[in-house]
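Student: I would like the atomic coordinates for the input below:
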Amino acid sequence: MSEYKKNKVVSSFEDRTGFLCVDIILLENSKFSFKAYRRDPEDTSGWFFVGEESSIQFITEDEAIQKAKMIYAWMEV
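Tutor: Here you go, the predicted structure:
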């Protein structure tokens, strides 16, 4: 089974435009992380992973959300 399938998205945040997204992920080791994605209106192939934050791990979901908000200011709106 791939590493991607072992993790579970527990929260997802989209910006007002619907073109940016941050997923909060529960990892197999019971810690949390997050991944940011974008999609382009002219490209129908879906979401694209952006950023390198997925290697950072947090003890709680809230810690992961707060760190994501520090990096992606649009989440505060």
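
Student: residue boundaries of the strands in the protein?
Tutor: Counting by DSSP state E, the chain has these strands, from start to end: 8-14, 20-26, 32-38, 48-50.

Student: may I see these arranged in TSV, with mean neighbour count as well?
Tutor: From N, CA and C alone the C-beta is placed, and that goes for glycine too. Converted to TSV, the strands of the chain look like this (neighbours: other CB atoms under 10 Å):
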stretch	mean neighbour count
strand 8-14	14
strand 20-26	20
strand 32-38	20
strand 48-50	12
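
Student: nearest to Met75 among these would be which one?
Tutor: For the strands of the chain, proximity to Met75 was assessed by CB to CB; strand 8-14 is nearest, at 5.4 Å.

Student: now the strands of the chain in JSON lines, with mean pLDDT and distance to Trp74?
Tutor: JSON lines is the format used below for the strands of the chain (pLDDT from 0 to 100; distance: least, CB to CB, whole Å):
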{"stretch": "strand 8-14", "mean pLDDT": "96", "distance to Trp74": "9"}
{"stretch": "strand 20-26", "mean pLDDT": "95", "distance to Trp74": "6"}
{"stretch": "strand 32-38", "mean pLDDT": "95", "distance to Trp74": "10"}
{"stretch": "strand 48-50", "mean pLDDT": "88", "distance to Trp74": "13"}
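
Student: now those as a markdown table including distance to Tyr72?
Tutor: Compiled in a markdown table, the strands of the chain are given as follows (distance: least, CB to CB, whole Å):
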| stretch | distance to Tyr72 |
| --- | --- |
| strand 8-14 | 8 |
| strand 20-26 | 6 |
| strand 32-38 | 6 |
| strand 48-50 | 10 |
